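> Test case, fold it:
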Amino acid sequence: RAMEHDRALEVYDIIRTIRDPEKPNTLEELEVVTENCVEVQEIGEDEYLVVIRFTPTVPHCSLATLIGLCLRIKLQRCLPFRHKLEIYISEGTHSTEEDINKQINDKERVAAAMENPNLREIVEQCVTEPD
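Okay, the predicted model is just below:
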């Protein structure tokens, strides 16, 4: 369990510095993500299920999908261990949470979104660490 807790902190450390697509703040500063929103379970030898539940700043936030995308891309790039990633909106914090949950956990839709140059540019700006 200690290992899972360490892994969860590792995950949080990666996502807390992601920037909000519209504000200069990080997701941590805006409390879109908190330490408690990351759950890690060991599902195999050296493989973990990482579950993230984030809270959009406003219930009808059109950026929720984008934030989900940023979380996924950054973790895909930065997580040093094998993982399955599930990203959800905290229950009851968004008007179309089911749709968004489907979208950000669908590999094909994520790949398609990242092929859109405008979207990709926004994601890159959000996930790139400030120097």
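> Give me the distance between the residue positioned nearest the centre of the chain and residue 15.
Centroid check for the chain by CA atoms, centre = their mean gives residue 71 as the closest residue, at 2.4 Å. Taking CB to CB, to the nearest Å as the measure, residue 71 falls 6 Å from residue 15. Using the backbone N, CA and C atoms, a C-beta is placed for each residue, glycine as well.
> follow-up on the earlier one: close enough to count as contact, the residue nearest to the centre of the chain and residue 87?
Yes - at 5.4 Å, residue 71 counts as touching residue 87 under the criterion of CB atoms under 8 Å.
> got any residues that touch both of those two?
Here residue 71 and residue 87 share the contacting residues 52, 54, 104, scored by CB atoms under 8 Å, 6 or more residues apart in numbering.
> Just send these back as JSON lines, with distance to residue 28 too.
Below are the shared contacts of residue 71 and residue 87 laid out as JSON lines (distance: CB to CB, whole Å):
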{"residue": "52", "distance to residue 28": "13"}
{"residue": "54", "distance to residue 28": "11"}
{"residue": "104", "distance to residue 28": "19"}
